[in-house]
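# Quick one: sequence and predicted model below, then my questions.
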Amino acid sequence: MTTKGRVIPLTEVISIRFRGGSKTYYFDPNGLTIEAGQYVIVETASGHEYAQCCEGNHEVPEQSVVKPLRPVVRLATDNDRRTNELNRKKEKEAFAICEKKIAAHKLEMKLIRVESNFDGSKIIFFFTAEGRVDFRELVRDLANVFRSRIELRQVGVRDEAKMIGGLGICGRPLCCSQFLEEFMPVSIKMAKTQNLSLNPTKISGTCGRLMCCLKYEQNAYEDAMKRMPKNDSFVNTPDGPGNITSVDLLREEAKVKLDDSTDPPRTYKGCELQVLRNGKGSREGIEIPKERPERYIPPEAAEDRDRLGGLLSDYSFREERPRQEEAGDKGEKRSRRRRSRGRGGDKSAAQAAGPEMEIGKIEKVPVKISGSFTAEKKAAADRRAAQEQGGQKDQPPKEGGRRRRRGGGGEKGERKPQEQKPPVPQEAQPAAEKSGEAAKRRRHRPRRRRSGGGGGEAPAGE
């Protein structure tokens, strides 16, 4: 590997992860080709250990290797797996026995985990406590029971959460038990910078301390703070000057309350703001520039605008004709429509309008007039109208009433002869003839019979 003309020596290693930990360690493969996921027996400071390879043979700079680099003893065999299972059972028994001993000695400590090395010569007990605990008597009792080396280690609440594991408020497994190799310092200032609620229940993890994920985005927030103004800053916007009410660092947007507007605060991008005073303070001596910042146009809107401009430039508009010629065309079209009204004018008018106008076809629907007049009353009304037109308004029209049937002599439904009508003027004669013909046609219609016996009355016009 070469960097700036300097040769950096490389070392072949494999990455090993032990049980219950997320940190990886480099070991010398010792000439073996080991793939990720395989179990191996490695040499450690406390003896041989059973571990899993998380990354096979690869080369790393020699500077990143902690010396001395310990070797891999061998690949794990079936006997090694059975020994590892027996150690897990032994750890469960040791956990139950240690809890009983703690209760017997009345010690204020909480047992977290028990680990045994591969050869069973050493057992480690992890516990938490608020203060220092005198556990010398407890160690003697455990040594007499297990006949091996006993070690008690006090850990913090973060290590407790890492060993036990669990789910965070995000719904995912705890970061410390999954991939975090070491705990990072987290402060309440990070929560303030990220505009988070300072409620301890919302920014604290399972362990009761501030969440480790507050550190993940802190660099991005600090970088955005350099480009964005603070709250209560006096700025100039495309719509006028105003004061910032809130800042969204991730979106790089700010809400500004304008001086010349009573509307709610408006949202502006950071590039639309011209800072006149950063932070709180007085406006005295601050000049407001006449030129306002340009308004931000999103890239998508700019592309749509350019595309629309290209379409409009490609489209060719028709040249406008002179007004006189256009007026002449309109008059000619209007005269064509008038001439074609009496003979299917709708179709001819649509044709005269040209291809630019499409007129829907209008169908004439016959309207049937319904009324409460009988045939005789209609005839009387026609006669009355004829008399009014002829100047004979004094003569009362003959009312058509109901008659009883005659007992003998004539035929059924025979009517009395009507009196002679006075001569009708020529102007009203066509209407009178029409009314008389209509009355004759109505007389020859079949008479309606009543359901209630003979001798009844029938309408005069039926």
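Arrived safely, thanks for sending. The model shown is predicted, which means the values in this text are computed figures rather than measured ones.
# quick check: longest helix of the protein.
The longest helix of the chain (DSSP state H) is helix 78-105.
# which is the next helix or strand following that helix?
Counting by DSSP states H and E, the element after helix 78-105 in chain order, helix or strand, is strand 110-116.
# Now do that following strand: which elements does it pack against?
In terms of contacts (3 or more C-beta pairs under 8 Å, 6 or more residues apart in numbering; DSSP states H and E), strand 110-116 is packed against helix 78-105, strand 122-128, helix 157-164. C-beta coordinates here come from the backbone N, C-alpha and C atoms, glycine included.
# Give me the angle between that strand and helix 157-164.
50 degrees (axes from the mean of the first three to the mean of the last three C-alpha atoms, to 10 degrees).
# as a whole number, average confidence for strand 110-116?
Averaging the model's pLDDT scores along strand 110-116 yields 89.
# quick one: strands adjacent to that strand?
strand 122-128 (antiparallel) (DSSP bridges).
# Can you tell me what sits against the strand it pairs with?
The contact list for strand 122-128 (C-beta atoms under 8 Å, 6 or more residues apart in numbering) reads 46-47, 91, 94, 98, 109-116, 133, 142, 146, 148-157, 159-160, 163.
# So which bits of the next helix or strand after it are buried?
Following the chain from strand 122-128 toward its C-terminal end, the next helix or strand by DSSP H and E is helix 136-146. For helix 136-146, burial by neighbour count (16 or more other C-beta atoms under 10 Å) applies to 138, 141-142, 146.
# So which other helices or strands are in contact with helix 136-146?
helix 78-105, strand 122-128, strand 149-154.
# list the contacts for Ile16?
Ile16 is in contact with 24-27, 40, 42, 51-54, counting by C-beta under 8 Å, 6+ apart.
# Tell me what it is bridged to.
Applying DSSP bridges to Ile16 yields these beta-bridge partners: Tyr25, Cys53.
# please renumber so the chain begins at 360
Renumbered: residue one is now 360, and that last one reads Ile375.
# quick one: it and Tyr627, what's the gap?
53 Å (C-beta to C-beta, to the nearest Å).
# Over to Tyr409?
60 Å.
# So for those two, which sits in the more crowded spot?
Tyr627 (21 against 18; other C-beta atoms under 10 Å).
# and that one, what are its bridge partners?
Beta-bridge partners, per DSSP bridges, of Tyr627: Ala613.
# Ala613 is in contact with that one, correct?
Yes - using C-beta atoms under 8 Å, Tyr627 is in contact with Ala613, at 5.9 Å.
# related to what we said a few turns ago, which among the contacts of strand 481-487 count as buried?
Among these, the ones that count as buried by 16+ other C-beta under 10 Å are 450, 453, 457, 468, 470-475, 492, 501, 505, 507, 509, 511, 513, 518-519, 522.
# got a pLDDT number for Leu635?
89.
# Can you name the helix or strand that it falls in?
Using DSSP H and E, the element containing Leu635 is strand 633-636.
# ok, now how distant is the closest residue to Pro544 other than its chain neighbours from Gly524?
In space, not counting the residues next to it along the chain, Pro544 is nearest to Lys574; the distance is 7.8 Å by C-beta to C-beta, 6 or more residues apart in numbering. Using C-beta to C-beta, Lys574 is found at 20 Å from Gly524.
# quick revisit: average pLDDT for the longest helix of the chain?
Averaging the model's pLDDT scores along helix 437-464 yields 90.
# And that helix, what does it pack against?
In terms of contact count using 3+ C-beta pairs under 8 Å, 6+ apart, helix 437-464 is assigned the packing partners strand 398-403, strand 406-420, strand 469-475, strand 481-487, helix 495-505.
# any chance of the ones you listed in a markdown table, with distance to Ile647 too?
Below are the helices and strands packed on helix 437-464 laid out as a markdown table (distance: least, C-beta to C-beta, whole Å):
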| stretch | distance to Ile647 |
| --- | --- |
| strand 398-403 | 70 |
| strand 406-420 | 57 |
| strand 469-475 | 63 |
| strand 481-487 | 61 |
| helix 495-505 | 75 |
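# Of all the ones you listed, which one comes closest to Leu608?
Leu608 lies closest to strand 406-420 among the helices and strands packed on helix 437-464, at 36.0 Å (C-beta to C-beta).
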